[in-house]
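Asks: The following block contains a protein sequence and its predicted model.
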Amino acid sequence: MKTAKIDNQLSDWRDKALKLESEVKKVIIGQDKAIKLMNIAIFARGHVLLEGGVGVGKTTLLQAITRGIGGAYERIEGTVDLMPNDLIYHTFLGSDGRPQIDEGPLLRAGENLSVFFFNEINRARPQVHALMLRVMAERNVSAFRKEYRLPHMLVFADRNQVEKNETFEIPSAARDRFMMEIPIEIPDDREIRKSLIFNTRFQHTEKLTQQVESDILHFDQLNDFSDYLQNHIQASDVMEDYALDLWEATQDPVKYGIKLDTVDVSKLIQAGASPRGMGMLLKAARVHAWMMQRENLYPEDIHAVFHEIISHRLAFNSMYESRRTALARELSGHILSQVTVPSKAK
Amino acid sequence: MMNILPKLLLLIALFFQSALVSADNNEITLLNLTNPQRSTGIQIGDVLKRSLTFETATPQQTITKALPAKGMRNDEVELIATNIELLKEGSKNQYKIELVYQVFNNATRTKVMALPAQTINITSNEKLSLPAWRFWFSPLVETSIFNAKANVQPQVKPPFIDNNQYAIGLKVFAGMLILSILGLIYVNADAKWLPFYKGNFSYAHKEIKQLSQSKLPDANSLKKAIFCLHMSFNKTYGNNLFANHLDDFISQHPRFKPLNNEIIEFFKLSNQTLFTNQIDNGHELMLKLLSLSKSLRNCERGV
């Protein structure tokens, strides 16, 4: 009886997750993989950093997803003069002509905040990054002599990799707080490209996102279900060994025979994936397994999220930092193709 | 009396003188006596010849009459033929006499026998004396003729059979036999020294065959067998091969296409075994792996 109830709960939530995906896909075309990954991040309760060029649909995607999650949505633009207090409060002159202080975008919705969208986060100063580090990790912030809890908040940030002027590189500690870094690229398919520029429904972003059914997931239940989900999906000892091998390969790729064409791999890595990063990897992989209607982790579950969770966590020696995006992708791809499942039988 | 005595003495002397002259004219000279060359291993039925050459003034007719009679048997040796031949004419003719004997002894042990001593009295004054000639008689069998019959052996070598007509067929058969043996070795052999042993799935099959010898394989054996196959897939593919890359694998290695369904099934079983720890029937699973590894090895070898 209890098992049937559990199965129903899992199934119901899976239906909701798939519905969210299908709803978002109705308005965002050519980004199916990114949509799926964001869906996984939502159920794994992980923050997401979107990376892509200008005007590729990052904001629209986030708005569409936020509508499906439900709850409050706040947004701030990263600029070079943005300071941490701009997230906490803002001052203005009231109707009575006296200065007033109001809660900033981070606090305004209180516990109902489900999505905080930080646009162009790499334009913000490191001081702002520092504030975000705490909020993302602890989901609370102290202000006005009290602690604001943000238990349901997910941070979706994006950064434009093309423009480098007046930007600040996000430090590795901040990058590590993001569960995923998802590349948003212009679709290759010509039919999709034609739709994007000729189909008039894509001209009005607000109207477009209104087509997504709202409150599909019930944001305030996601934390509990996520905890339950993580406990439900099991990993065999073989999978544990495999995950450990993958982790070790991010730290010492030479040991696993990994070679890159243009790079001396022995000098490439400064630091591999962190324990938090590997924990997030397994968390997201469990969500993928659940979406695939399984109760056990398979290597495919890890592969489905490996690039997006591990690549941005790899710290390279400075001589390779300028090529980090391409090298990180290449290295993570080689890790998956070279590390066997498992490397040896017990 | 005194007158008679000299006359008597003269008469006696004349008589002896005439006798001496006569003896000189009729003297026989033996020139040569030839006996058989072999004196051992003579068996029943063997024919032995001895010949003698001599000179005499006696006419041939007289000599012929003096020859011993055919059929004369002496100690199981029978004279079966005689022959005289005039070799040379002159004041004394030269003759050759040939005496042919046959042995009829059926002794069961070796024994010494002899061609008999023979005296041929040509005239009252002319005699040819032949000494006995001894030889070793060998029985056909050791005990009796009955046993000899049971042990009859050909005394002549069997004639050779012409095998030229069979040579081509034999060579073709030998060639086919060698090819068949090589084919069987190619298909079934696992020996490390074979050049084609180095195939990835050959190695996997051999490992799994060893693991499958246990009637009740434990989970560890099953995992090892699965790992062996995965390693072979990975090596063949050049990277880690997962279920979602199978189409790519088949397109790169179309020789495995006939086993597409079996490979998909293997990856399902592998996932179930390695990642869910659900092993329904270990022995059956091991047999499946053994069968699949053999099929993959055959595909790899192109058989």
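Replies: Great, that's in hand.

Asks: ok, now which ones touch whichever residue of the stretch 201-303 of chain B sits closest to chain A?
Replies: Closest residue of the stretch 201-303 of chain B to chain A, CB to the nearest CB: B:N239 (3.9 Å). C-beta here means a position set from N, CA and C on the backbone, and glycine is covered the same way. Residues in contact with B:N239, defined by CB atoms under 8 Å, 6 or more residues apart in numbering or on different chains, are A:S337, A:Q338, B:H245.

Asks: can I assume it sits in a strand?
Replies: No: counting by DSSP: H, G, I helix; E, B strand; the rest coil, B:N239 is not part of a strand but coil.

Asks: Got the phi and psi for it?
Replies: In terms of degrees, to the nearest 10, the main-chain angles of B:N239 are phi -140, psi 180.

Asks: Low-confidence bits of chain B, can you list those?
Replies: Along chain B, segments meeting pLDDT under 70 span B:1-26, B:142-154, B:187-197, B:214-217, B:277, B:279-280.

Asks: Please apply the same query to chain A.
Replies: Using pLDDT under 70, chain A drops low at A:1-6, A:161-165, A:342-346.

Asks: If we use 50, what do you get?
Replies: Within chain A, the segments meeting pLDDT under 50 span A:345-346.

Asks: Residue numbers of it in contact with chain B?
Replies: A:235-236, A:238-239, A:295-300, A:303, A:336-342, A:344-346 (CB under 8 Å from any CB of the partner chain).

Asks: Mind giving me the PyMOL command for buried ones among the residues you listed?
Replies: The PyMOL selection below is limited to those of the residues of chain A next to chain B classed as buried (16 or more other CB atoms under 10 Å in any protein chain shown):
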select buried, chain A and resi 235+236+238+239+296+297+298+299+300+303+336+337+338+339+340+341+342
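
Asks: from the chain's centre, how far out does stretch A:180-189 sit?
Replies: Relative to the chain's own centre, stretch A:180-189 is displaced by 13 Å; criterion: CA atoms, centre = their mean, to the nearest Å.

Asks: From the contact counts, what lies against the strand or helix carrying A:T60?
Replies: Element membership for A:T60, per DSSP states H and E: helix A:58-69. Packing contacts for helix A:58-69, counted by 3 or more CB pairs under 8 Å, 6 or more residues apart in numbering or on different chains; DSSP states H and E, involve helix A:2-27, helix A:32-44, strand A:47-52, strand A:72-77, strand A:113-119, strand A:154-160, helix A:205-210.

Asks: Using CSV, list the CA coordinates for that helix.
Replies: Only the C-alpha atoms of helix A:58-69 are listed here, as CSV (Å, rounded to 0.1, in the frame of the first residue of the first chain):
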residue,chain,number,x,y,z
LYS,A,58,18.3,33.1,-22.2
THR,A,59,16.0,35.5,-20.5
THR,A,60,12.9,34.2,-22.2
LEU,A,61,13.8,30.7,-21.3
LEU,A,62,14.2,31.7,-17.6
GLN,A,63,10.9,33.6,-17.6
ALA,A,64,9.1,30.7,-19.2
ILE,A,65,10.4,28.2,-16.6
THR,A,66,9.8,30.5,-13.8
ARG,A,67,6.2,30.8,-14.8
GLY,A,68,5.9,27.0,-14.7
ILE,A,69,7.5,26.7,-11.3
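
Asks: Not counting stretch A:279-292 itself, show me its contacts.
Replies: Contacting residues not belonging to stretch A:279-292 are listed as A:10, A:14, A:17-18, A:39-41, A:43-46, A:179-180, A:226, A:229-230, A:232-233, A:235, A:243, A:246, A:273, A:295-298, A:300-302, A:304-306, A:309-310 [CB under 8 Å, 6+ apart].

Asks: Contact partners for B:L289?
Replies: B:I208, B:S212, B:L222, B:A225, B:I226, B:L229, B:F266.

Asks: buried stuff in the strand or helix carrying the last one?
Replies: Using DSSP H and E, B:F266 maps to helix B:260-275. With burial defined by 16+ other CB under 10 Å, the residues of helix B:260-275 counted as buried are B:I263, B:F266, B:F267, B:L269, B:S270, B:N271, B:Q272, B:T273, B:L274, B:F275.

Asks: I'd like the residues you listed laid out as CSV, including distance to B:L179.
Replies: Formatted as CSV, the buried residues of helix B:260-275 follow (distance: CB to CB, whole Å):
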residue, distance to B:L179
B:I263, 31
B:F266, 33
B:F267, 37
B:L269, 38
B:S270, 38
B:N271, 43
B:Q272, 43
B:T273, 41
B:L274, 43
B:F275, 46
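
Asks: For chain A, tell me which of those residues show up nearby.
Replies: B:N271, B:L274, B:F275.

Asks: now the helix or strand A:S266 falls within, how far from the centre of its chain.
Replies: Following DSSP H and E, one finds A:S266 within helix A:265-268. Mean-position distance between helix A:265-268 and its chain equals 28 Å (CA atoms, centre = their mean).

Asks: can you list the residues of chain B near chain A?
Replies: Residues of chain B lying near chain A (CB under 8 Å from any CB): B:220, B:223-224, B:227, B:230-231, B:234, B:239-240, B:242-244, B:271, B:274-277.

Asks: List buried residues within those.
Replies: When these are checked for burial by 16+ other CB under 10 Å, the buried set is B:223-224, B:227, B:230-231, B:234, B:239-240, B:242, B:271, B:274-276.

Asks: So which of those is the closest to B:A117?
Replies: Nearest to B:A117 among these: B:K224, at 100.5 Å, using CB to CB.

Asks: Shouldn't that closest one be within a helix?
Replies: Yes: assessed by three-state DSSP, B:K224 belongs to a helix.

Asks: Which single residue in chain A comes nearest to chain B?
Replies: Taking CB to the nearest CB, chain A has A:S337 as its residue nearest chain B, at 3.9 Å.

Asks: what comes into contact with the helix or strand hosting that residue?
Replies: A:S337 is part of helix A:324-338, with elements assigned from DSSP H and E. By CB under 8 Å, 6+ apart, the surrounding residues in contact with helix A:324-338 are A:51, A:161, A:246, A:249-250, A:253, A:256-260, A:263, A:265, A:268, A:303, A:306-307, A:310-312, A:314, A:316, A:320, B:239-240.

Asks: Derive a PyMOL selection command for the buried subset of those.
Replies: Selecting the buried subset of the contacts of helix A:324-338 in PyMOL, with 16+ other CB under 10 Å as the burial test, is done by:
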select buried, (chain A and resi 51+246+249+250+253+256+258+263+265+268+303+306+307+310+311+312+314+316+320) or (chain B and resi 239+240)
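
Asks: what's the domain layout of chain B?
Replies: B:27-146, B:199-301 (automatic domain parsing).

Asks: how about TSV for the ones you listed, with distance to A:K33 added?
Replies: Converted to TSV, the domains of chain B look like this (distance: least, CB to CB, whole Å):
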stretch	distance to A:K33
domain B:27-146	104
domain B:199-301	14
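
Asks: for these, which one ends up most surrounded?
Replies: domain B:199-301 (a mean of 17; mean count of other CB atoms under 10 Å in any protein chain shown).

Asks: Pull up the distance across that domain, start to finish.
Replies: Using CA to CA, to the nearest Å, one end of domain B:199-301 lies 8 Å from the other.

Asks: Off-centre distance for that domain?
Replies: On the basis of CA atoms, centre = their mean, domain B:199-301 sits 57 Å off its chain's mean C-alpha point.

Asks: for chain B, what spans make up the helices?
Replies: Counting by DSSP state H, the segments of chain B that form helices are B:4-25, B:60-66, B:145-150, B:164-188, B:200-211, B:219-237, B:246-252, B:260-275, B:282-301.

Asks: need the contact list for residue 100.
Replies: I went with chain A, as the question did not name one. Shown in contact with A:Q100 (CB under 8 Å, 6+ apart): A:T91, A:F92, A:L93, A:G94.

Asks: my question was about chain B
Replies: If you count contacts by CB under 8 Å, 6+ apart, B:V100 has them with B:V47, B:L48, B:K49, B:L79, B:I80, B:A81, B:T82, B:N83.
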